[in-house]
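# What follows is a predicted protein model with its sequence.
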Amino acid sequence: MPGLIGKKIGMMRIFSEEGFQVPVTVIEAGPCSIVQVKSEDQDGYQAIQLGFGSKKAKRASRAEIGHSATAGLEVAPSLLREFPIEDGAEYEVGQELTVEQFEAGDRVKVTGRSKGRGFQGVVKRHGFAMRPASHGHPMSRTPGSMGPGTDPSRVIKGKRLPGRMGGTRTTIRNLQVVRVDGERNLLFVKGGVPGARNGYVLVSK
């Protein structure tokens, strides 16, 4: 089973059969149509290309419209992503994958783009400890020493410094599927997943 493209709806809590409250993220996963099947002979690797959502005709390019038409789609998907597979014979162009391929108790990994935090200092970005604050300090949130002095006379590569935080592709693994709603294409995953509300995510086993 390759996976699905989805959209993060938000977070809520549900109660387990034992009566414990469980924090979950609600993901609208699928349905996704197979737009293209990559083969070892023709493309050098095996994968399927899935399409999710729909794009307005005036927003889609001719190439996108033509590519979607070959798969029998009336409108171009809003997002295309590839998932590696082992056997391409199991899939065909135009086939639809739904959230029902997941079951409660499955372990999945979710990939998305983390929330952008802008330019941040070392305390927020890397979790540096602050200086003593009882009587005030002029350098309470500064990074401190940059490293050795005369030798090597430079800042070592990889030094944790202030800079852009977030807005990067992030994957969280081993998340538990708590509930699957096939009628509404909803996937309830225990814990948080990367990104803001309505952000696209990739869900796979």
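Looks like it came in fine. Please read all numbers here as calculations on a predicted model, not as lab measurements. Numbers count the residues shown, from 1 in each chain.

# can I have the longest helix anywhere in the chain written out in PDB, keeping just the CAs?
When the chain is parsed with DSSP state H, its longest helix is helix 62-69. Only the C-alpha atoms of helix 62-69 are listed here, as PDB (Å, rounded to 0.1, in the frame of the first residue of the first chain):
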ATOM      1  CA  ARG A  62      -2.200  23.300 -20.700                       C
ATOM      2  CA  ALA A  63       0.400  20.700 -19.600                       C
ATOM      3  CA  GLU A  64      -1.500  20.000 -16.400                       C
ATOM      4  CA  ILE A  65      -4.900  19.700 -18.200                       C
ATOM      5  CA  GLY A  66      -3.400  17.400 -20.800                       C
ATOM      6  CA  HIS A  67      -1.600  15.200 -18.200                       C
ATOM      7  CA  SER A  68      -4.800  14.800 -16.300                       C
ATOM      8  CA  ALA A  69      -6.900  14.100 -19.400                       C
END
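
# Leu186: neighbour count?
The number of residues packed near Leu186 is 17, by other CB atoms under 10 Å. Every residue, glycine included, has its C-beta placed from N, CA and C.

# Would you mind listing the buried residues in the longest helix of the chain?
By neighbour count on 16 or more other CB atoms under 10 Å, the buried set for helix 62-69 is 64, 67-68.

# hmm, who's touching that helix?
35-36, 51, 55, 57, 60, 75-77 (CB atoms under 8 Å, 6 or more residues apart in numbering).

# switch to 10 Å and redo it
Contact with helix 62-69 is made by 33, 35-36, 49, 51, 54-55, 57, 60-61, 73-78, 80, as judged by CB atoms under 10 Å, 6 or more residues apart in numbering.

# likewise stretch 6-20?
Residues from elsewhere that reach stretch 6-20, judged by CB under 10 Å, 6+ apart: 21-30, 32, 52-53, 78-79, 99, 110, 112, 178-179, 185-203.

# please redo it, this time with the cut-off set to 8 Å
By CB under 8 Å, 6+ apart, the surrounding residues in contact with stretch 6-20 are 21-30, 52-53, 112, 178-179, 186-188, 192-193, 195-203.
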